[in-house]
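> next come a sequence and a model predicted from it.
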Amino acid sequence: MKKRILFLAAILVSSFASAQAVQQGTVTMGPAYANQAFFKFSNPTANNVYPHSSWDLAFYRKSSFSFATRINDAKGIEIYQVSNNISNWATVDVSTAAQSSWTRLYNSDTVWTEGALEQGTATYGWGEYNPANHHVTGSIIFVLKYPNGTYKKFKMDDFFAGYTFTYSTWNGTAWGADQTQVVSNTSNPNNIFNYFSLETNAPVIAEPASADWDLIFTKFTTDYPMGGSTTKYQVTGALHHPDVKVAKNNEPGGVMNTANLNFATAINTIGYDWKTFTGSTYTIDGNKAYYVKLANGSVYRVVFTSFVGSSTGVITFNYQDVTASLGTESFEDKIAFGIYPNPSLDKKINLIYDLKENMDTKNKVSIYSMTGAKVFETAIDNTQGFYNKEINLSSLGSGIYILNLEAGNNVITKKVILK
């Protein structure tokens, strides 16, 4: 057993040496954090910045059957449920007395597909399922309240592979003419959300293609700790792409330690609390590291270095591709494994794995190109023991590949370099 541990440890030390160089990332949100800035690790200089002021509502468009509508709280818009009776549309009251019965709604800051409108009291937030035509029909009336005091009443009329909605603007004494619009899921097919401005009565683009971002730096509302409980509060920080997972890790002295990484899907895992306001400036917690795992299995270590604040909205951080550094991992104390040599000069690698106990599930190793195509797959033993399995990848071209070891619902990912 001691020899096994030493052998796996040697692989781990070797793989740490192969981590790529640390790079500096910079995003600029602008004065008063006026923009939402998207960042892509593989294309860090791309200027994917969009003004918060350009849009009011975001409509999830990746499914014909699932929907979500997010309010632009970064713009300062508040949304309220004002009635669960759609027949009250013509008589919506915006007086101070009436507002006391309104219910404010918020976007989820953990899941992209739970917008503020999905928090309404209807079965599906803003509406009910119609079994006759398989549409969702609106049953809730909302009011959007803007920072300048403008009110717009809003109702979702229908969802079926797209959104039909109606809204009207309060002119100070009466509601203006109804405006009905359709936002189809077929619009902007490379994006996750479609965006619409009620102020200009037009669709807008407010995000890059899904493949062109990993993180978004923006303002968002969260449950902020205050006085022993939490309150809804707007913060500035980072949310991650829905296909990304993030592990938050405390690393005293900034020393990298990947022994116990737990990757989470909550989009606010990076969030806002890597910085602290000291009264005049922001200080950065250099002991906090974030491991960002992309859909292709690549893992980047992120450590924030500065946050200028609202004067410029500039944020800097160091990041490093550490996929190769995660050379030996274990899950549930059942499997430990490593890869050597890595890089491989002859396109042959040895998979060293130690099964601590028999496993009921079939285990397998899959290898993917950087484009996501599966290029190799093989089964591995699922009975207790220590194994050294040679894998011949001579049919593959030179380059970087992603290796996944799957055991039941558990997956460990490594980067493999073939010379």
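Cool, the structure landed.
> for the rest of this, base every contact and every neighbour count on C-alpha atoms.
Noted.
> look up the closest residue to residue 370, ignoring the ones flanking it.
Nearest non-adjacent residue to residue 370, counting by CA to CA, 6 or more residues apart in numbering: residue 401, 5.9 Å away.
> where's the one you found, which helix or strand?
Here residue 401, judged by DSSP states H and E, is contained in strand 399-407.
> and the angle for the helix or strand just after that strand with strand 399-407?
Downstream of strand 399-407, the next assigned helix or strand under DSSP H and E is strand 410-418. Between the axes of strand 410-418 and strand 399-407, defined by axes from the mean of the first three to the mean of the last three CA atoms, to 10 degrees, the angle is 160 degrees.
> what's strand 410-418 in contact with?
297-298, 323-324, 326-327, 329, 331, 342-347, 397-406 (CA atoms under 8 Å, 6 or more residues apart in numbering).
> could you do stretch 359-378 as well?
So stretch 359-378 is in contact with 296, 379-384, 396, 400-408, going by CA under 8 Å, 6+ apart.
> show the buried residues in the residues you listed.
296, 380, 381, 382, 383, 401, 402, 403, 404, 405, 406, 407 (16 or more other CA atoms under 10 Å).
> would you turn those into JSON lines with distance to residue 239?
Converted to JSON lines, those look like this (distance: CA to CA, whole Å):
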{"residue": "296", "distance to residue 239": "19"}
{"residue": "380", "distance to residue 239": "37"}
{"residue": "381", "distance to residue 239": "39"}
{"residue": "382", "distance to residue 239": "38"}
{"residue": "383", "distance to residue 239": "41"}
{"residue": "401", "distance to residue 239": "27"}
{"residue": "402", "distance to residue 239": "25"}
{"residue": "403", "distance to residue 239": "27"}
{"residue": "404", "distance to residue 239": "26"}
{"residue": "405", "distance to residue 239": "28"}
{"residue": "406", "distance to residue 239": "28"}
{"residue": "407", "distance to residue 239": "29"}
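> rewinding a little: got the CA coordinates for the strand holding residue 401 in PDB?
Extracted C-alpha coordinates of strand 399-407, given in PDB (Å, rounded to 0.1, in the frame of the first residue of the first chain):
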ATOM      1  CA  GLY A 399      -2.700  18.200 -29.000                       C
ATOM      2  CA  ILE A 400      -4.600  18.600 -25.800                       C
ATOM      3  CA  TYR A 401      -7.500  16.200 -24.900                       C
ATOM      4  CA  ILE A 402      -9.800  15.900 -22.000                       C
ATOM      5  CA  LEU A 403     -10.000  12.500 -20.100                       C
ATOM      6  CA  ASN A 404     -13.100  11.600 -18.100                       C
ATOM      7  CA  LEU A 405     -13.100   8.700 -15.600                       C
ATOM      8  CA  GLU A 406     -16.700   7.800 -14.800                       C
ATOM      9  CA  ALA A 407     -17.900   5.600 -12.000                       C
END
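> partner strands of it, with direction?
strand 363-369 (antiparallel), strand 410-418 (antiparallel) (DSSP bridges).
> can you list these in JSON lines and add mean pLDDT, mean neighbour count and distance to residue 311?
Compiled in JSON lines, the strands paired with strand 399-407 are given as follows (pLDDT from 0 to 100; neighbours: other CA atoms under 10 Å; distance: least, CA to CA, whole Å):
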{"stretch": "strand 363-369", "mean pLDDT": "87", "mean neighbour count": "19", "distance to residue 311": "43"}
{"stretch": "strand 410-418", "mean pLDDT": "80", "mean neighbour count": "20", "distance to residue 311": "40"}
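> so for residue 159, which of the ones you listed sits nearest?
strand 410-418 (35.9 Å; CA to CA).
> gap between that closest one and the chain center?
Distance of strand 410-418 from its chain centroid, counting by CA atoms, centre = their mean, to the nearest Å, is 22 Å.
> next: stretch 129-148.
26 Å.
> and for stretch 58-77?
With CA atoms, centre = their mean, you get 14 Å for stretch 58-77.
> for that stretch, which positions count as buried?
58-62, 67-77.
> ok, those vs residue 278, which is closest?
residue 74 (23.2 Å).
> any idea how far that closest one is from residue 218?
7 Å (CA to CA, to the nearest Å).
> same check on residue 393?
Counting by CA to CA - residue 393 and residue 218 are separated by 43 Å.
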